[in-house]
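Trainee: no sequence on this one, just coordinates:
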Ligand SMILES: Cc1cc2nc3c(=O)[nH]c(=O)nc-3n(C[C@H](O)[C@H](O)[C@H](O)COP(=O)(O)OP(=O)(O)OC[C@H]3O[C@@H](n4cnc5c(N)ncnc54)[C@H](O)[C@@H]3O)c2cc1C
């Protein structure tokens, strides 16, 4: 390896862009390959009859810290709106409005007043819901036992009625897990409700883009990557990643062949296996399945609601957003209805959806009854997320693969988060950290190897060897391993460091008796 290490990132969604930016920040020469003509992946917009249309409404929460810092990094934060305080109207057909909102008290009191006032639960259901919320705060989302059962079964155990599930729990579970509580993993639900609502007062303040998604993510990401010195090839589909004899990779695609010291595959889970060498992933990622999202788009000739966002109750409308300004519509109102867990709606014809959704919107917003529908169309994303059912925790790999120098990223990887924009950005950053540590370690190993060969040294040309580890002591080693940017993991060489990750290495280095810090060969 001479000069700057070369990292190729395959896939230009949020995970790939975050990974590429972090690798460029880490000093690597970065090339990003994206199969489509634009960046942004599952978040994009297109032009239709003079409007900017998003492929699907995207929402984030204040607790999505990695995603929000990504927005800042690419200069897009000003194209989003974040509520100063969670407040979401819930509307029943006929127009009765309830509100999921928070106050300024610390948790769990931050939701108490809204719960007491929430009109769609009986007094008994309210008390039981509060008890269940308190019980949720004691669930550990990383406990594998939680991933063996559904959120729905747990809610039943907590005496939650069908009405309480529909009027409260599913309002949050569906858009965040892209499945009904009845099907979703309890582990992921615990993550959503704890991190997103219950642990921190302001965690659930809701944010969304105020400009077309392609502008907020794809175009801004492309600019940021160019400024960071990364090379981006769109319409460039990678076909195979071939490990080279002397270490590193050949990335083969449509009319391209690139050499790389490390590769990050940031493609969807149902594409990744065709790209990676056989055996690179131990987890059966093909079993992650898919769950669809459908968006119903309606343009009225006049304004039918003043609300920027609302949930529908006992209605096919799950969540509805006012997209008038971002779309560029200059007269009337453009509403986008987001339907998660949309297995049924995926198969419905547009005309059938029209017959369901127009009356449902009119039942929520009476002004829509008088309004003329100028446009009605549907966007369908059959593979919007993986299917977040029990058992999927075991199918989600971390950033490392069995092939040294090859890493994976994507909302489907083991981020601890559900398949979200936050998870995607976190995965990209994690993969970049591993890749950067790997190329640094490899270049040091090569330098050492050359030096030691030149000096005919007796010390082993592997890692920094026993002597170095002994000289520096466990604390320093632990520190370096935990901060891969400061200095990469040492001792077991590249393969071991990659497989074990910084925390485990730090632990082992701090407890030399548990596992000796030196072993094996460096596969250079
Ligand atoms: C309709 C819809 C609504 C959603 N709503 C929300 C929401 O409200 N909040 C939220 O947080 N999340 C939401 N999500 C989920 C979120 O969009 C995704 O989790 C996230 O964007 C995934 O990012 P990613 O980078 O992991 O994958 P992707 O965005 O899928 O990116 C992968 C990229 O790899 C490219 N690629 C694939 N194969 C190759 C190849 N061989 N060579 C080169 N490139 C390749 C693809 O073209 C793609 O651009 C929604 C998703 C959809 C579809």
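Mentor: Sure thing, it's come through. Here the structure is a predicted model, which is why all the values come from computation and not from measurement.

Trainee: which outside residues touch the helix or strand harbouring residue 187?
Mentor: In this structure, residue 187 is located in helix 186-193 according to DSSP states H and E. Residues external to helix 186-193 that are found in contact with it (Cβ atoms under 8 Å, 6 or more residues apart in numbering): 133, 136, 139-144, 146-147, 149-151, 153-154, 172-173, 176-177, 181, 388, 390, 392-393, 416-418. No exception for glycine: its C-beta is placed from N, CA and C like everyone else's.

Trainee: how about it, does it reach the ligand?
Mentor: No: contact between helix 186-193 and the ligand is absent, the nearest approach being 10.8 Å (criterion: Cβ under 6 Å from any ligand atom).

Trainee: contacting residues for the spatially closest residue to residue 51 that is not a sequence neighbour?
Mentor: Computed as Cβ to Cβ, 6 or more residues apart in numbering, the closest residue to residue 51 that is not its neighbour in sequence is residue 327, at 4.4 Å. Each residue near residue 327 by Cβ under 8 Å, 6+ apart is listed here: 51, 52, 53, 212, 334.

Trainee: among the contacts of helix 186-193, which ones are buried?
Mentor: The neighbour count (16 or more other Cβ atoms under 10 Å) marks 133, 136, 139, 141, 146-147, 150-151, 154, 172-173, 176-177, 181, 388, 390, 392-393, 417-418 as buried among those.

Trainee: Also within reach of the ligand: list those from the residues you listed.
Mentor: Residues shared between those and the neighbourhood of the ligand: none [Cβ under 6 Å from any ligand atom].

Trainee: mind listing which of those residues are in helices?
Mentor: Residues of the buried ones among the contacts of helix 186-193 located in helices (DSSP state H): 133, 136, 151, 154, 172, 173, 176, 177.

Trainee: just those residues now: which is nearest residue 367?
Mentor: Residue 367 has its nearest neighbour among these in residue 172, at 27.5 Å by Cβ to Cβ.

Trainee: right, and the closest one touches residue 197 too?
Mentor: Yes: under the criterion of Cβ atoms under 8 Å, residue 172 is in contact with residue 197, at a separation of 6.8 Å.

Trainee: got the contact list for stretch 46-54?
Mentor: With Cβ under 8 Å, 6+ apart as the test, stretch 46-54 has contacts from 43-45, 55, 209, 212-214, 295, 297, 299, 323, 326-329, 334, 336, 375, 377, 379.

Trainee: Any quick ChimeraX command for the buried ones out of those residues?
Mentor: To isolate the buried ones among the contacts of stretch 46-54 in ChimeraX, judged by 16+ other Cβ under 10 Å, type:
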select :43,44,45,55,209,212,213,214,295,297,299,323,326,327,329,334,336,377,379
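
Trainee: Strands along the stretch 201-350 of the chain, start to end?
Mentor: With strands called from DSSP state E, counting those that start in this stretch, the stretch 201-350 of the chain shows them at 206-209, 231-233, 238-243, 249-253, 256-260, 262-265, 291-300, 309-312, 319-322, 333-340.

Trainee: Do any residues in the third one lie close to the ligand?
Mentor: If I follow you right, that is strand 238-243. Yes: among the residues of strand 238-243, residue 238 lie within reach of the ligand under Cβ under 6 Å from any ligand atom.

Trainee: for that strand, packing partners?
Mentor: Packing contacts for strand 238-243, counted by 3 or more Cβ pairs under 8 Å, 6 or more residues apart in numbering; DSSP states H and E, involve strand 6-10, strand 249-253, helix 269-275.

Trainee: what does the stretch 1-150 of the chain put close to the ligand?
Mentor: 10-16, 33-36, 41-43, 55-56, 58-60.

Trainee: From those residues, which land in strands?
Mentor: 10, 33, 59, 60 (DSSP state E).

Trainee: and the closest residue to the third one other than its chain neighbours, what is it in contact with?
Mentor: Read that as residue 59. Ranked by Cβ to Cβ, 6+ apart and with sequence neighbours excluded, the top spatial neighbour of residue 59 is residue 208, at 5.1 Å. Going by Cβ under 8 Å, 6+ apart, residue 208 touches 57, 58, 59, 60, 80, 81, 309, 321.

Trainee: Counting neighbours, which bits of the longest strand seen in the chain end up buried?
Mentor: Across the chain, the strand with the greatest residue count (assigned by DSSP E) is strand 373-385. Residues of strand 373-385 classed as buried: 374, 376, 377, 378, 379, 380, 381, 383, 384, 385 (neighbour count, 16+ other Cβ under 10 Å).

Trainee: Low-confidence ranges, the stretch 251-400 of the chain, go.
Mentor: Nowhere does the stretch 251-400 of the chain drop to pLDDT under 70.

Trainee: Return the residues of it in contact with the ligand.
Mentor: Residues of the stretch 251-400 of the chain lying close to the ligand (Cβ under 6 Å from any ligand atom) are 266, 267, 268, 271, 275, 293, 381, 384, 385.

Trainee: Please report the distance of the nearest residue to residue 171 once chain neighbours are set aside from residue 170.
Mentor: Across the structure, with Cβ to Cβ, 6+ apart as the measure, the residue nearest residue 171 apart from its sequence neighbours is residue 311 (5.3 Å). Using Cβ to Cβ, to the nearest Å, one obtains 10 Å as the distance from residue 311 to residue 170.

Trainee: Ok, residue 202 next?
Mentor: Applying Cβ to Cβ, the value for residue 202 to residue 170 is 23 Å.

Trainee: more neighbours, these two?
Mentor: When residue 202 and residue 170 are compared on other Cβ atoms under 10 Å, the one with more neighbours turns out to be residue 170, at 25 against 17.

Trainee: near the ligand, which residues of the stretch 401-524 of the chain?
Mentor: With Cβ under 6 Å from any ligand atom as the criterion, the stretch 401-524 of the chain meets the ligand at residues 410, 411, 419, 420, 421, 422, 424.

Trainee: List the contacts of the residue lying closest to the first one once chain neighbours are set aside.
Mentor: Yep, that's residue 410 we're talking about. In this structure, residue 410 finds its nearest non-sequential neighbour in residue 15, 4.8 Å apart by Cβ to Cβ, 6+ apart. Residue 15 is in contact with 41, 266, 409, 410, 411, 413, 424, 425, 427, 428, 431, counting by Cβ under 8 Å, 6+ apart.

Trainee: Then the last one would be within a strand, right?
Mentor: No: assignment of residue 431 by DSSP: H, G, I helix; E, B strand; the rest coil gives helix, placing it outside any strand.

Trainee: In this structure it contacts residue 408, no?
Mentor: Yes: with contacts counted by Cβ under 8 Å, residue 431 reaches residue 408, the gap being 6.6 Å.

Trainee: Overlap in contacts, the two.
Mentor: 264, 266, 399.
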